[in-house]
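K.L.:
here's a sequence, model it:
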Amino acid sequence: MFEPHGSEGWRPYGSDPERWRGTITAHDSSEGPQYALSLVVADLMTEWKVRGLHRAKHVRVYLWRDEEGDQEDADAIVEVRPSIHAELPASDRIRAPAGHRPGGER
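P.N.:
Numbering: from 1, shown residues only. Have a look, this model is predicted:
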């Protein structure tokens, strides 16, 4: 797991990056990369909630099928981004007009 680090790119996440490294073994062949990633993201969200963080941090979770390699060679990547509206009351959020589709014609 990595977090943004300004112009330097991405660095290992948190004060104990080794906590977020390891191996997940799936006993059932139907439990693929999505299952492993969901376990990591669920654990991350639980940690943020326990620590009292009111919104998500920006992180990337990388998954390699056999052994860890370069970020570019990851088999799957999930990026968690904070909501820019996380702390605004619902009445203050900007809403798209009814029937509006991003990138579509009106």
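K.L.:
mind showing which ranges of this protein have poor pLDDT?
P.N.:
With pLDDT under 70 as the threshold, the chain has low-confidence stretches at 26, 28-29, 54, 83-106.
K.L.:
where exactly do the strands run in it?
P.N.:
With DSSP state E as the definition, the chain shows strands at residue ranges 2-4, 10-12, 59-63, 76-80.
K.L.:
show me where this protein has helices.
P.N.:
33-50 (DSSP state H).
K.L.:
return the distance of the most centrally placed residue in the chain relative to D66.
P.N.:
Nearest to the mean C-alpha position of the chain, by CA atoms, centre = their mean, lies V80 at 2.7 Å. Applying CB to CB, to the nearest Å, the value for V80 to D66 is 24 Å. Quick note: C-beta positions are derived from backbone N, CA and C, even for glycine.
K.L.:
please name the bridge partners of the residue nearest to the centre of the chain.
P.N.:
Applying DSSP bridges to V80 gives these bridge partners: V59.
K.L.:
what residues are up against it?
P.N.:
Contact analysis of V80 by CB atoms under 8 Å, 6 or more residues apart in numbering lists V41, L44, A56, K57, H58, V59, R60, V61.
K.L.:
that older thread, and G32, which of the strands of the chain is closest to it?
P.N.:
Of all those, strand 76-80 sits nearest to G32, with 8.8 Å by CB to CB.
K.L.:
only C-alpha atoms, please: export that closest one in CSV.
P.N.:
What follows is strand 76-80, C-alpha atoms only, in CSV (Å, rounded to 0.1, in the frame of the first residue of the first chain):
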residue,chain,number,x,y,z
ALA,A,76,-4.4,-5.4,-9.6
ILE,A,77,-4.5,-1.9,-8.2
VAL,A,78,-7.2,-0.3,-6.1
GLU,A,79,-7.0,3.5,-5.5
VAL,A,80,-8.9,4.9,-2.5
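K.L.:
list the buried residues in it.
P.N.:
V78, V80 (16 or more other CB atoms under 10 Å).
K.L.:
what's the spacing between L44 and H27?
P.N.:
22 Å.
K.L.:
which one's more surrounded, those two?
P.N.:
More crowded of L44 and H27, by other CB atoms under 10 Å: L44, with 20 against 5.
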